[in-house]
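Enquirer: test case, fold it:
(one chain, ligands or ions: 1)
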Amino acid sequence: MSAIMQAQALSRVLAGTPPVTLVIDVSLTIDPGSFVAIVGPSGCGKSSLLYLLGLLDRPTQGSLLFQGRDMNPLDGDERALTRLAHFGFVFQFHFLLPEFTALENVMLPIRRLGRLSQAQAREKAQSLLAGVGLTGKVDKTPNLLSGGERQRVAIARAIANDPVLVLCDEPTGNLDSQNSARVIEMFRALAHDQGRAVVCVTHDPEVAAAADVQISMLDGRISGTDVRAR
Ligand SMILES: Nc1ncnc2c1ncn2[C@@H]1O[C@H](COP(=O)(O)OP(=O)(O)OP(=O)(O)O)[C@@H](O)[C@H]1O
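Expert: Coordinates of the predicted model:
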C-alpha cells in the first residue's frame, strides 16, 4: 500500500520582524483508507499544517509528496488542478454558493474538472446527494437548508471528483451532536469503505475519538501520534 501523502520536515515561517513560525519540522505519512485527526490547543498550527497538506499554502522548508510526486516544483495552476482532481475540502463554514441549488453546488467542481458532460455531472451530483441523505432537497438553495444539511451538501461537493484525500477544518464546528455524529460516520465510511484518506483538524473530541490516527500538535510541531486499532 503506497502512501497518499508524505510530508518530510515541513516548515512554514512567515517572513517579518520577527518572523512567525506556523509549522516546524513536521513529518507524517497519510495512507489510503485512514481517518486522521489533527488535534492540539488553539494556535498550535493545525490549520496551517492542513493548508500545506492541501496545497493551499507553500512550505518554506521541507517537501511534500503526493502519490510519490514532489509538490514543491508545481506552479499555481498545477497545484489548483491537483486540488480539483484529487482533493476534497470541508470547512467549518460550508462555502456553498448561495444563488445555486444544492445540486448545482455539487455539479460545479465536476463541470470545472471537465471530464463529464452536463447530464453525467447532474446524474452524479444527484447520486452523491442521495448518498448523504438529501434526495428530496436537491433543488433547494442553501438558505432553505438546515446547518446539518448544508454541511452534507458540502461533503457531497467535496467528494464530487472522487478525491483520494479529503481535508477538513473543524467540519463539525457548527453542528449539533446528532448532525456531528452523522458527519463523523460519513468520514469513517469515506475512509474505511471507500479507501480514501480523511484528515480532520478538530477540537471535537468525538471526531478525534472516531479517527484511526490522532496527531497531536504543540507550538507548530507534532508532539505525538496515536494509532488505534480499528
Ligand atoms: N497570516 C498570519 N499572520 C500572522 N500569524 C498567523 C497567520 N496565520 C496564522 N498565524 C498564527 O499562527 C499560529 C497558528 O495558527 P493556526 O490557525 O494554524 O492554528 P490552529 O491550531 O489551527 O488554531 P485554532 O485551533 O484556534 O483554529 C497562530 O498563533 C496564528 O495566530
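Enquirer: where does the chain have low pLDDT?
Expert: Low-confidence segments of the chain, defined by pLDDT under 70: 1.
Enquirer: which positions in it make contact with the ligand?
Expert: Residues of the chain lying near the ligand by CB under 6 Å from any ligand atom: 14, 20, 22, 40, 42-48. Heads up, the C-betas are built off the backbone N, CA and C, glycines and all.
Enquirer: most widely separated two among the residues you listed?
Expert: Spanning the widest gap among the residues of the chain next to the ligand are L14 and G40, at 19.0 Å by CB to CB.
Enquirer: more crowded one of the two?
Expert: Taking other CB atoms under 10 Å, L14 and G40 do not tie; G40 has more neighbours (22 against 11).
Enquirer: shouldn't that one be in contact with G220?
Expert: No - under the contact definition of CB atoms under 8 Å, G40 does not touch G220, with a separation of 9.6 Å.
Enquirer: name the helix or strand for the nearest residue to A211 once chain neighbours are set aside, please.
Expert: Nearest residue to A211 in three dimensions, chain neighbours excluded: A37, at 3.7 Å (CB to CB, 6 or more residues apart in numbering). In this assignment (DSSP states H and E), A37 forms part of strand 35-39.
Enquirer: then L28?
Expert: For L28, the element it lies in under DSSP H and E is strand 20-30.
Enquirer: buried sites along that strand?
Expert: Within strand 20-30, the residues scored as buried using 16 or more other CB atoms under 10 Å are 21-24, 26, 28-30.
Enquirer: and the residues of the chain next to the ligand, which of them are in helices?
Expert: With helices defined by DSSP state H, the entries of the residues of the chain next to the ligand inside them are 46-48.
Enquirer: highest neighbour count among the residues you listed?
Expert: Using other CB under 10 Å as the neighbour definition, these reach their maximum at K46, which records 25 neighbours.
Enquirer: quick check: end-to-end length of stretch 28-35?
Expert: 14 Å (CA to CA, to the nearest Å).
Enquirer: does L108 really touch A156, like I thought?
Expert: No - at 11.4 Å, L108 does not count as touching A156 under the criterion of CB under 8 Å.
Enquirer: and the residue minimising distance to the centre of the chain, helix, strand or coil?
Expert: Geometric centre of the chain, nearest residue: L167, 1.4 Å, by CA atoms, centre = their mean. Here L167 is recorded as strand under DSSP: H, G, I helix; E, B strand; the rest coil.
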